[in-house]
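>>> Any chance you can model this:
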Amino acid sequence: MDIFEKLIAFEDKYSEDLMAWSHNGIHFWPCIRTSVFVSIEQKYLCNLNNNSYNESSKRLKLLSEIIKNSTKLSKNPYIHMPKAKIVYLNSAITRVLEVNMKKFDRISDYFADESKNSSLTMEDNYLGRHNTPEYTSSIKYTDSVFLIAKLKQRFIKNKILFNDIAVFIDSLKQKLIEQFENSINVESVISNAFRSIITSVAMAMEMHKLIIKTGCKFVSIEDCCYGGYKSILAMLLKMDGIKVIEIQHGLVSKKHIAYNFGRTPEIYLKYLPDYFFTYGEYWSEVLIRLPVKKVVVGSPYLAEQVKVYNESNGRQSKGKRVLVVSQTTATDKFVAITKELRRLITADYSITFRLHPSEVQFRAERCSGIENVLGIEINQEGGIYDCISKHDFIVGESSTTLFEAIPFRKTIFIMDTHDSRAHIPKNIGLWFNEVKDLAKMILNNCKNENLDTLYYWTLDWQENFKSFFQTKI
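Have a look, this model is predicted:
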């Protein structure tokens, strides 16, 4: 039994007990479920990155940025909350495109454009920043909400609440020890649990008070299934009769722990979205352990880019351009692969090393081995689809980009690892174990079989989006 199945077995065994702990109707387990499980997975697989972003100096810089963002009165939700039928709660990390010289969110702005006069975006900062000027004019920052919640959190003196959380965490600790024995350090797994629960409660309460002022009927919450404050917020909104949606924004699979649940008590469903919008039938089918109604809508960003690509009959490339798609959890591994691949293939092939947005902050320390290497370009700007369209070979492990390359008819190479076997079906791409095998396939111009694009990517997103809301409103 692999670690994923052990976690599901843990939930099967203890879900009723874990959901027995609550305070004033708010249950503790949904706040920390995913963070606890992800921590166990990483420790079990020794898949850890040295994230230096938690240094105190950088935390102070982040706080300074949050305070500065809060002073922008037109974006402060405490100053004014407009009326809206749909509220989108997103992160600034996805505002990476440019439309009419303004920053466009690759997830929510397409949908918001379909209901311009009745939608509002509430945006979390990413590393303290928002990408401006924003394409949407109806937008509020959540920075001030975070500050208010943190201040209120410091004044919480509810001994009964504190005791309930402490007893719950101790119960969780004993269950983890029983299930995993000495295979993980349980203390490190739950070290932040108490603070996470308190923070989640405070943040959810503040966000709820603001969102209900809009009079909305729907709220789209990015990463709702991950838990944290967003799970509590979902529960509070649903109690008010507001429907909660999560829009797929990346890779989900039958072994993605945030989207797969063991035996789930009915009460846990209150903390999950009502609807999960997927890219296509494939994604809905693999999420058999997600107890949420799946709705095939599609990916507007991909659909529009594929349309442009097909209208141009496929952008011309040299036929010898390799794109290596890195991942936050394995930057060092991809740097090593890129360096070795450069050595093994001929100079007429070019290699682009594409950073994940969350890797950009660590570029200097993690990518030094390939900086300024002839024949290797490091890319971190713009949309991924423009990058895919300009390359011939796409190399990765368990990135959504491997699926996104399908409608662009690119040759896909997948590194055979625990992660790729967990998240990528075997029929996608050509698989390799050694870089020398990858180099040989590239030099021999090997091709993978063409797959049914529409199975993975529904392209009629506008029709699907409108149809959903016409039947629900």
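>>> which stretches of the stretch 251-400 of the chain have low pLDDT?
For the stretch 251-400 of the chain, the stretches with pLDDT under 70 are 314-318.
>>> Now do the helices in it.
For the stretch 251-400 of the chain, the helices defined by DSSP state H, counting those that start in this stretch occupy 281-286, 300-311, 331-344, 363-366, 384-389.
>>> So for the first one, what gets flagged as buried?
Just to be clear, that refers to helix 281-286. For helix 281-286, a neighbour-count test (16 or more other C-beta atoms under 10 Å) marks 281-284, 286 as buried. In short, each C-beta sits where N, CA and C put it, glycine included.
>>> Pick the one among the residues you listed closest to residue 99.
Distance to residue 99, by C-beta to C-beta, is smallest for residue 283 among these, at 26.0 Å.
>>> Who are the contact partners of the closest one?
248, 252, 294, 456 (C-beta atoms under 8 Å, 6 or more residues apart in numbering).
>>> Please check those and keep the buried ones.
248, 252, 294, 456.
>>> Taking those residues, tell me the two that lie furthest apart.
Taking C-beta to C-beta, no two of those sit farther apart than 294 and 456, at 14.3 Å.
>>> how about the strands in the stretch 201-350 of the chain?
Per DSSP state E, counting those that start in this stretch, the stretch 201-350 of the chain carries strands over the ranges 218-221, 243-247, 275-278, 293-296, 321-325, 350-354.
>>> tell me the most buried of these?
When you average the neighbours per residue for each of these (mean count of other C-beta atoms under 10 Å), strand 218-221 leads with a mean of 26.
>>> as a whole number, average confidence for that strand?
The average pLDDT within strand 218-221 is 98.
>>> Make residue 1 into 37 and carry on from there
Okay, using 37 as the starting number, the last item reads as strand 254-257.
>>> Partner strands of it and their direction?
Strand 254-257 sits in its sheet next to strand 122-127 (parallel), strand 279-283 (parallel), going by DSSP bridges.
>>> for these, which one sits closest to residue 252?
Closest among the strands paired with strand 254-257, using C-beta to C-beta: strand 122-127, at 4.8 Å.
>>> helix or strand right after the closest one?
Remark: after strand 122-127, the chain's next helix or strand is strand 133-135, criterion DSSP states H and E.
>>> and that following strand, how far from the chain's centre?
Relative to its parent chain, strand 133-135 has a centroid offset of 20 Å by C-alpha atoms, centre = their mean, to the nearest Å.
>>> tell me what the helix or strand following it is packed against?
For strand 133-135, the following helix or strand on the C-terminal side (DSSP H and E) is strand 138-140. Using 3 or more C-beta pairs under 8 Å, 6 or more residues apart in numbering; DSSP states H and E, the elements in contact with strand 138-140 are strand 133-135.
>>> got the buried residues for the strand it packs on?
Going by neighbour count (16+ other C-beta under 10 Å), the buried part of strand 133-135 is residue 133.
>>> Next: stretch 392-411.
Buried residues in stretch 392-411 (16+ other C-beta under 10 Å): 392-395, 397-398, 402-403, 406, 411.
>>> export these to a markdown table and tack on distance to residue 141?
Formatted as a markdown table, those follow (distance: C-beta to C-beta, whole Å):
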| residue | distance to residue 141 |
| --- | --- |
| 392 | 17 |
| 393 | 13 |
| 394 | 16 |
| 395 | 20 |
| 397 | 20 |
| 398 | 23 |
| 402 | 27 |
| 403 | 27 |
| 406 | 30 |
| 411 | 34 |
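>>> from these, which is closest to residue 268?
Closest to residue 268, out of all of these and judged by C-beta to C-beta, is residue 394, at 24.4 Å.
>>> could I get the helix or strand encompassing residue 180 in CSV with only the CA atoms?
According to DSSP H and E, residue 180 maps onto helix 179-190. In CSV, the C-alpha atoms belonging to helix 179-190 read as follows (Å, rounded to 0.1, in the frame of the first residue of the first chain):
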residue,chain,number,x,y,z
ASP,A,179,-5.0,42.1,2.1
SER,A,180,-7.0,44.2,4.6
VAL,A,181,-9.1,41.2,5.4
PHE,A,182,-6.0,39.3,6.3
LEU,A,183,-4.8,42.2,8.6
ILE,A,184,-8.1,42.6,10.4
ALA,A,185,-8.4,38.8,10.9
LYS,A,186,-4.8,38.7,12.3
LEU,A,187,-5.5,41.5,14.7
LYS,A,188,-8.8,39.9,15.9
GLN,A,189,-7.0,36.6,16.2
ARG,A,190,-4.5,38.1,18.7
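>>> Determine how far that helix lies from the middle of the whole chain.
Distance, centroid of helix 179-190 to centroid of chain: 24 Å (C-alpha atoms, centre = their mean).
>>> Show the subsequent helix or strand relative to that helix.
Downstream of helix 179-190 (by DSSP H and E), the next one is helix 195-216.
>>> If you count contacts, what does that following helix end up packed against?
So helix 195-216, by 3+ C-beta pairs under 8 Å, 6+ apart, packs with helix 39-54, strand 58-59, helix 65-81, helix 222-225, helix 229-247.
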